[in-house]
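In: quick one, structure for this:
(2 chains)
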Amino acid sequence: MAAGATYEPIATTTFAGGTASTTFSSIPATYTDLVMVSFLRAGSTSSSYVIRFNSDSGSNYSNTVLYGDGTSPGSNRYSSQTSAYLTYYGFPTTASTFGTIVTHFQNYSNSTANKSFLSRSQNSNSGTDYLAGLWRSTAAINSITIYAGDTFASGSVVTLYGIKAA
Amino acid sequence: MPNPTYKAIATTTVGAGGTSNIEFTSIPASYTDLVIKLSARSARSATQDFIQININTSASNFSARGIEGNGSTVTSFTDTVFFGAMPGASATASTFGSLEAYIPNYGGSTYKSYLADSVTENNAATAYTELVGGLWSQTSAITSIKLLSATSNNFSQYTTATLYGIVKS
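Out: Residues are numbered from 1 along each chain as shown, chains lettered A, B, ... in the order given. Got it, this is the predicted structure:
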């Protein structure tokens, strides 16, 4: 049966096209973890997808990625970045074809530890990847801004969920 | 206050003798996304077996790209209806693998994508973890999902699969 009130939508952004970023602000601290589900297609060119927390544009972000394009797997490391990647392959431009990125943010509202996240994604034009990210800040996450390297195509949707522990 | 959004639509637990497939039919269109959680083991005489997906009784128009680690090497592959991996009958007894899949916008009019990660478990040097991104290049709403062994073996007794619906508001 239903899992109860442990998994709740906080906010959803549906893109009409031409937009390159959006912010989820005033994120309540009442959950344990956050999950962001992104269903995305790029406006014109295959697009990167990055995130910043609490409007921090300092060099406080890092990523480790494991990826595969169907032939060659690989791993990369990105440190001291001014934003963090949410997917290695970006998202597709092909008509009717959207990429899926599911990102988990653990213990996002604590004020003692740096914030980590884990993202899994698929871009049917390019490949599939696991990606771990770190924001070197002990501040509670109260806003999330996501950016497309190009734009988010019409029909793209991003939803932020809150998860509560028992 | 938002409403609860993660709801179980159906659960299947495999009985004695196993079953050749697990199928969710008459999936309601009232959710936004779907999630499948699977605890599975195969009757295949090997340490692992692989899981395929069919949508709306179709095994056509699928493409998938995956990455796989087996404890020593990492590979990347392409396939069609590939969904994940599970332990076979030669793996450690009473040990089941885990799979979670996310299927966004399953009722929409665009192509249907899925993201599935899975692990096999085995008390030996080799076990598998997989991440698969798949695409079903059809615009029909998803009304049924069938999971089956890629080697035509049975899912073993006590395999369980649950289909969840997610509502955004």
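In: now do stretch B:135-149: distance to the chain's middle.
Out: For stretch B:135-149, the gap between its own C-alpha mean and the chain's C-alpha mean amounts to 11 Å (CA atoms, centre = their mean, to the nearest Å).
In: for the residue most central in space within chain A, which residues are in contact?
Out: The centroid of chain A falls nearest to residue A:86 when counting by CA atoms, centre = their mean (4.5 Å). For residue A:86, the residues meeting the contact criterion (CB atoms under 8 Å, 6 or more residues apart in numbering or on different chains) are A:38, A:49-51, A:101, A:103, A:119, A:121, A:131, A:133, A:146. All C-beta spots, glycine's among them, are computed from the backbone N, C-alpha and C.
In: again with residue B:59
Out: For residue B:59, the contact set (CB under 8 Å, 6+ apart) comprises B:52, B:80-81.
In: repeat the analysis, applying 10 Å as the threshold.
Out: B:52-53, B:80-81, B:136, B:146, B:148 (CB atoms under 10 Å, 6 or more residues apart in numbering or on different chains).
In: likewise residue A:162?
Out: Neighbouring residues of residue A:162 by CB under 10 Å, 6+ apart: A:5-11, A:27-35, A:108-109, B:2, B:5.
In: now, of the residues you listed, which are buried?
Out: A residue is treated as buried here by neighbour count (16 or more other CB atoms under 10 Å in any protein chain shown); on that basis the buried members of those are A:6-11, A:27, A:31, A:33-35, A:108-109, B:5.
In: mind picking the two most distant members of the residues you listed?
Out: Comparing every pair within the buried ones among the contacts of residue A:162 by CB to CB identifies A:109 and B:5 as the most remote, at 19.9 Å.
In: just the contacts of residue A:86 now: which is nearest residue B:38?
Out: Proximity of those to residue B:38 was ranked by CB to CB; the top entry is residue A:121 with 20.3 Å.
In: smallest gap between chain B and chain A, at which residue?
Out: In chain B, the residue that lies nearest chain A is residue B:133 (2.1 Å; CB to the nearest CB).
In: just grab the bridge partners of that residue for me.
Out: Bridge pairing for residue B:133 (DSSP bridges) gives the partners residue B:65, residue B:115.
In: can you put the buried ones among the contacts of residue A:162 in JSON lines and add pLDDT, distance to residue A:69 and secondary structure?
Out: Listed next are those as JSON lines, based on pLDDT from 0 to 100; distance: CB to CB, whole Å; DSSP: H, G, I helix; E, B strand; the rest coil:
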{"residue": "A:6", "pLDDT": "70", "distance to residue A:69": "36", "secondary structure": "helix"}
{"residue": "A:7", "pLDDT": "81", "distance to residue A:69": "32", "secondary structure": "strand"}
{"residue": "A:8", "pLDDT": "89", "distance to residue A:69": "36", "secondary structure": "strand"}
{"residue": "A:9", "pLDDT": "91", "distance to residue A:69": "33", "secondary structure": "strand"}
{"residue": "A:10", "pLDDT": "94", "distance to residue A:69": "33", "secondary structure": "strand"}
{"residue": "A:11", "pLDDT": "95", "distance to residue A:69": "33", "secondary structure": "strand"}
{"residue": "A:27", "pLDDT": "97", "distance to residue A:69": "34", "secondary structure": "coil"}
{"residue": "A:31", "pLDDT": "93", "distance to residue A:69": "35", "secondary structure": "coil"}
{"residue": "A:33", "pLDDT": "95", "distance to residue A:69": "30", "secondary structure": "strand"}
{"residue": "A:34", "pLDDT": "96", "distance to residue A:69": "29", "secondary structure": "strand"}
{"residue": "A:35", "pLDDT": "96", "distance to residue A:69": "26", "secondary structure": "strand"}
{"residue": "A:108", "pLDDT": "96", "distance to residue A:69": "31", "secondary structure": "coil"}
{"residue": "A:109", "pLDDT": "95", "distance to residue A:69": "36", "secondary structure": "coil"}
{"residue": "B:5", "pLDDT": "75", "distance to residue A:69": "33", "secondary structure": "coil"}
